[in-house]
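Trainee: A predicted structure for the sequence below; I have some questions about it.
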Amino acid sequence: MASLLKVDSLTGVTTAGSISVTGEGNSTTTNLQQGLAKAWVRFDGSVSTLSVEGSFNHSSVTDNGTGSYSPQITNSMSSENYAPSYTSAQYHELMGNEGGTTGTIAGSYRISVRNSSNSDADTGRVASSVFGDLA
């Protein structure tokens with residue numbers, strides 16, 4: 001018989017913000033909070049006024065020029081050791097973080113979009129998520 005559990009919040013017993021989940025194969029556990037995206041954003045960078053289509057923990061996205069965008073994180077990350085991930089760019093490739101570091105603890109990070117000729121290019125349907133620890 002299947003069960004249904006309805007709750008408004010979950011709290012760990014040992015540490016309030018730490019809940020372990022048994023992983024695939026039942027041999028390891030994963031910390032639930034570590035596996036959740038702490039922020040995500042999807043936007044259309046191909047229009048003259050950048051259009052955010054959906055987001056979580058992002059206040060805005062700045063258009064820095066052709067193929068360069070800076071999503072603004074609302075709630076700070078705990079350190080610079082977070083991982084922005086770029087999951088989608090319609091018709092373009094070679095997305096990545098501009099510069100040698102992931103960015104600042106609070107504030108924004110950069111996304112660079114290039115086309116198949118390795119030229120900066122504006123595009124629609126850009127999506128990014130951020131993993132790491134919130135402050």
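Mentor: Looks like it came in fine.
Trainee: tell me which stretches of this protein form strands.
Mentor: Counting by DSSP state E, residue ranges of the strands within the chain are 20-22, 29-31, 39-44, 51-56, 58-65, 68-73, 83-88, 93-96, 107-108, 111-114, 126-131.
Trainee: name the strands paired with the last one and say parallel or antiparallel.
Mentor: Which is strand 126-131. strand 39-44 (antiparallel), strand 83-88 (antiparallel) (DSSP bridges).
Trainee: go on, the second one?
Mentor: Looking at strand 29-31 with DSSP bridges, its partner strands are strand 20-22 (antiparallel).
Trainee: show me the contact partners of the strand it pairs with.
Mentor: Strand 20-22 has contacts (C-beta atoms under 8 Å, 6 or more residues apart in numbering) with 12, 28-32, 35. Just so you know, the C-beta spots here come from the backbone N, C-alpha and C atoms, and that holds for glycine as well.
Trainee: how about 10 Å then?
Mentor: For strand 20-22, the surrounding residues in contact (C-beta atoms under 10 Å, 6 or more residues apart in numbering) are 12, 14, 28-35.
Trainee: before we move on, the earlier item: where among the strands paired with strand 126-131 is the average confidence lowest?
Mentor: Of all the strands paired with strand 126-131, mean pLDDT reaches its minimum on strand 83-88 (a mean of 75).
Trainee: burial check on the residue nearest to residue 53 when sequence neighbours are not counted, number of neighbours?
Mentor: Leaving out its chain neighbours, the residue that sits closest to residue 53 by C-beta to C-beta, 6 or more residues apart in numbering is residue 42, at 4.9 Å. Per other C-beta atoms under 10 Å, the neighbour tally for residue 42 reads 18.
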